[in-house]
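Peer 1: From the sequence below, what's the structure:
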Amino acid sequence: MPEKIPDEILLLMAEKFRMLSDPTRLIILRTLMTEGELNVSRIVEHTNGTQANVSKHLKQLAEAGLVARRKDGPHVLYRLDDPVVEKICHLVCETILKDLEDQMEKHRRMFDKEDQDE
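Peer 2: Numbering: from 1, shown residues only. From the prediction side, this is the model:
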């Protein structure tokens, strides 16, 4: 039988998942996954967000330990700091794609059956 996860850990898990529940934060994370380390201005360009909104979400992601920031002269550069986030995103995307494929196959079979019934 799997080991019971303590309530304290569940609370920390919920916070990580809360950080991953916002589309803007997911777009920011995707940008950092694909583009690597970037400053806020470059992240804004990639996400089509506003500087204020992107900065707010980057602060939340950094406080949650999902992204790291470092000073480079006058700029602050951000990068993905939790490799598990990328794995979670890929797993969820694979599941969504599989679900969509299953739905399409179900609809295809339904239409095929209707064609046969005619």
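Peer 1: Where does the prediction get shaky in this structure?
Peer 2: Residues of the chain meeting the criterion pLDDT under 70: 1, 115, 117-118.
Peer 1: what ranges do the strands span in it?
Peer 2: Counting by DSSP state E, one finds strands in the chain at the ranges 38-39, 67-72, 75-80.
Peer 1: got JSON lines for the ones you listed, with distance to Met13 and mean neighbour count too?
Peer 2: To be clear about C-beta, it is placed using only N, CA and C from the backbone, and glycine gets the same treatment. JSON lines is the format used below for those (distance: least, Cβ to Cβ, whole Å; neighbours: other Cβ atoms under 10 Å):
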{"stretch": "strand 38-39", "distance to Met13": "28", "mean neighbour count": "16"}
{"stretch": "strand 67-72", "distance to Met13": "18", "mean neighbour count": "14"}
{"stretch": "strand 75-80", "distance to Met13": "19", "mean neighbour count": "17"}
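Peer 1: closest to Pro23 out of the ones you listed?
Peer 2: Pro23 lies closest, by Cβ to Cβ, to one member of the strands of the chain: strand 67-72, at 16.3 Å.
Peer 1: The closest one pairs with which strands, and in what direction?
Peer 2: strand 75-80 (antiparallel) (DSSP bridges).
Peer 1: Could you dump the strands of the chain into CSV with distance to Val54 added?
Peer 2: Below are those laid out as CSV (distance: least, Cβ to Cβ, whole Å):
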stretch, distance to Val54
strand 38-39, 10
strand 67-72, 12
strand 75-80, 10
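Peer 1: how near is Cys81 to Asp99?
Peer 2: Quick fix: residue 81 reads Asp, not Cys. 30 Å (Cβ to Cβ, to the nearest Å).
Peer 1: Just want to know which of those two has more residues nearby.
Peer 2: Asp81 (15 against 10; other Cβ atoms under 10 Å).
Peer 1: Pairing partners for the residue lying closest to that one once chain neighbours are set aside in the sheet, please.
Peer 2: Leaving aside its chain neighbours, Asp81 sits nearest to Ala68 (3.7 Å; criterion: Cβ to Cβ, 6 or more residues apart in numbering). In this entry, Ala68 is beta-bridged to Arg79, by DSSP bridges.
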